[in-house]
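Chemist: Take a look and give me a structure for this.
(one chain, ligands or ions: 3)
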Amino acid sequence: MADEPGKLTRRELIARGVRGAGLLCAAGGLGALVTRGQAENLVWQIDPKKCIACGKCATECVLNPSAVKCVHEHEICGYCELCFGYYVDQRLDDQETAENRRCPTDAIRRAPVEDPYYQYIIEEDKCIGCALCVEGCQQFGNGSLIMQVRHDRCLNCNQCAIASACPADAFRRVPASDPYLLRLKKQGNA
Ligand code: SF4
Ligand code: SF4
Ligand code: SF4
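Modeler: Ligands and ions are numbered 1, 2, ... in the order given. As a prediction, this is how the structure comes out:
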């Protein structure tokens, strides 16, 4: 299908995703350092390979809404037309109606790229960290939706309340200068 004027191709979106992930790391690291100072140089983060999307990130954080959000690693996303992070397992029909969508707060925006690909964008201000989309992507997709502590919000508690409750032991301290644990980075590709 020919590209529509002004519409990005999937290749261009993937390239932007890689740059976006880099910016996420850089911005988060800078924010952590600026707001908490050089002396406190470790912050909490979630290992996406350990997270089992249990839902406690939404309920156990001392902040409401939680400082943990869904982050989309666009560079490893399949840009699937039928995304199980976006849609429930059993759709009532083929429509993009509310009952067919997983996210309880409508925080995932779906946009066509080029036939038959779609981009899925997390609107972070709406995300409550429930991990329902992450569960779907883990079960039926490639795990490009992950949970991450967002350091523009996190208070960096001495003992993270979610870490204490996490059934998968997925939380650990990481350097504030490199505060995100993306799947691609962990595989040594970024
Ligand atoms: S509490 Fe642990 S296992 Fe549950 S969603 Fe959060 S990081 Fe994942
Ligand atoms: S399903 Fe839950 S974790 Fe995923 S975007 Fe919506 S609120 Fe955030
Ligand atoms: S360190 Fe505190 S503010 Fe940050 S995610 Fe954990 S409980 Fe929430």
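Chemist: any idea where the helices of this structure begin and end?
Modeler: Assigned by DSSP state H, the chain shows helices spanning 10-36, 56-59, 132-140, 161-165, 183-186.
Chemist: any idea which of those helices scores lowest on pLDDT?
Modeler: Among the helices of the chain, helix 10-36 carries the lowest mean pLDDT, a mean of 50.
Chemist: Please identify the nearest residue in space to the spatially most central residue of the chain, excluding sequence neighbours.
Modeler: The C-alpha lying nearest the average C-alpha coordinate of the chain belongs to residue 71 (Cα atoms, centre = their mean; 1.4 Å). In this structure, residue 71 finds its nearest non-sequential neighbour in residue 148, 4.4 Å apart by Cβ to Cβ, 6 or more residues apart in numbering. (C-beta placed from N, C-alpha, C; glycine too.)
Chemist: I'd assumed residue 120 was in contact with residue 81.
Modeler: No - between residue 81 and residue 120 there is no contact under Cβ atoms under 8 Å: 10.9 Å.
Chemist: Looking at those two, which is more packed in?
Modeler: residue 120 (21 against 12; other Cβ atoms under 10 Å).
Chemist: Show me what the closest residue to residue 160 other than its chain neighbours is bridged to.
Modeler: Using Cβ to Cβ, 6+ apart and skipping the chain neighbours, the partner closest in space to residue 160 is residue 44 (4.5 Å). Residue 44 has these beta-bridge partners by DSSP bridges: residue 173.
Chemist: Could you check the pLDDT of the closest residue to residue 138 other than its chain neighbours?
Modeler: Excluding its sequence neighbours, the residue lying closest to residue 138 (Cβ to Cβ, 6+ apart) is residue 53, at 5.9 Å. Looking at residue 53, its pLDDT reads 98.
Chemist: wait, what's in contact with residue 53?
Modeler: For residue 53, the contacting residues are 131-132, 134-135, 138, 147, by Cβ atoms under 8 Å, 6 or more residues apart in numbering.
Chemist: Quick check: which ranges of this structure have low pLDDT?
Modeler: 1-40, 186-190 (pLDDT under 70).
Chemist: tell me which parts of it are close to ligand 3?
Modeler: 44, 61-63, 67-68, 149, 154-157, 160-162 (Cβ under 6 Å from any ligand atom).
Chemist: Buried members of the residues you listed into ChimeraX, please.
Modeler: Applying 16 or more other Cβ atoms under 10 Å to the residues of the chain next to ligand 3 leaves a buried subset, and the ChimeraX line that selects it is:
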select :44,61,67,68,149,154,156,160,162
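Chemist: Which ones among the residues of the chain next to ligand 3 map onto strands?
Modeler: Assigned to strands by DSSP state E, the following of the residues of the chain next to ligand 3 qualify: 44, 68, 149.
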